[in-house]
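> Curious how this folds, go ahead:
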Amino acid sequence: MMVGLHDLMAAGAGSLVGLVLGLVGGGGSLLAVPLLIYGVGVSSPHVAIGTSAIAVAVSALGNLFAHARAGHVKWPCAFTFASAGIVGALAGSSAAKALDGQKLVILFGLVMLVVGGLMLRGRGNDGNATVRLSRQTAWQMLPPLVSIGFGVGLLSGFFGIGGGFLIVPGLMLATDMPLVFAIGTSLVAVAAFGAATALNYAVSGMIDWRLAAAFVVGGIAGGLIGVSLGDVLAARKQTLGIVFACIVIVTGLYVVTRGVMVLV
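Predicted coordinates:
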């Protein structure tokens with residue numbers, strides 16, 4: 001099978017997203033849809049979202065192993081949050097498929113603006129490292145885990161993004177776990193939401209499997225480079241985060257402007 005220009009462009013876009021994920025540790029999936037639409041040239045916003053959802057799920061699984069080895073995953077909390085969120089992701093992605101593609105792109109751009117602003121604010125790291133979901137704590141922890149999980153899954157499925165920027169603070173709010181555990185635990189939900197969204201789009205034939213494969217391969221390569229660079233630039237992690245937040249905001253402005261121009 002010949003490798004075409006679109007395959008190379010998709011691999012390049014995946015590499016950029018993987019690089020960002022490796023350097024900053026989250027939010028890179030926000031760039032996947034704009035890169036597929038405006039960089040690779042995917043004409044349908046729905047196909048771009050469905051295709052990127054696969055890359056989101058695979059990337060999260062790749063990062064999950066490292067966090068699991070380090071003991072940073074609260075498994076009962078992760079499975080409860082993810083189970084509720086899968087239902088939300090299926091509902092959200094179904095609603096998105098029924099929405100006009102250009103209106104969906106504009107909404108996606110607005111979300112990028114909000115997320116970029118939240119990234120600039122940063123997150124705290126306080127919390128209870130010993131917290132765990134058990135029979136004794138279920139009455140207190142289950143309601144927020146299920147309700148917040150469903151809500152975040154709904155947004156994740158609707159926009160076809162990993163949703164880590166919402167899952168992490170959601171887990172901290174629901175359980176009072178510290179940031180490092182919330183990041184590790186969130187990857188279970190990110191992978192589950194991405195897989196559920198991709199499955200829903202696949203049923204409707206809204207995934208370009210060849211581009212998805214190229215994007216994933218590129219993302220793995222970019223992620224390895226990003227992790228290596230991240231170790232070297234560890235002291236500048238905060239600066240990198242600010243730069244990336246600004247990139248997300250600028251890209252969001254571009255996406256909204258282009259979407260409005262098409263509608264007008």
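> Helices along the stretch 1-150 of the chain, start to end?
Taking DSSP state H, counting those that start in this stretch as the test, the helices found in the stretch 1-150 of the chain are 5-24, 32-34, 45-69, 75-97, 101-121, 138-159.
> Out of the ones you listed, which is closest to residue 189?
Residue 189 lies closest to helix 75-97 among the helices of the stretch 1-150 of the chain, at 4.3 Å (C-beta to C-beta). Every residue, glycine included, has its C-beta placed from N, CA and C.
> and the closest one, what other elements does it pack with?
Applying 3 or more C-beta pairs under 8 Å, 6 or more residues apart in numbering; DSSP states H and E, we find helix 75-97 packed against helix 45-69, helix 138-159, helix 164-175, helix 179-203.
> tell me which strands and helices the first one is in contact with?
If I follow you right, that is helix 45-69. Here helix 45-69 is seen to pack against helix 5-24, helix 32-34, helix 75-97, helix 101-121, helix 179-203, helix 209-232 when contacts are counted using 3+ C-beta pairs under 8 Å, 6+ apart.
> Let me know which of those helices is the nearest to residue 139.
The minimum distance between residue 139 and the helices and strands packed on helix 45-69 falls on helix 75-97, with 13.2 Å, by C-beta to C-beta.
> So which bits of that closest one are buried?
Applying a neighbour-count criterion of 16 or more other C-beta atoms under 10 Å, the buried positions in helix 75-97 are 77-94, 96-97.
> now do stretch 96-107
So for stretch 96-107, counting by 16+ other C-beta under 10 Å, buried means 96-97, 101, 104-107.
> Looking at these, spot the one nearest residue 209.
Using C-beta to C-beta, the shortest approach to residue 209 within the buried residues of stretch 96-107 belongs to residue 97, at 17.5 Å.
> close enough to count as contact, the closest one and residue 203?
No: distance between residue 97 and residue 203: 9.5 Å, which falls outside the contact criterion (C-beta atoms under 8 Å).
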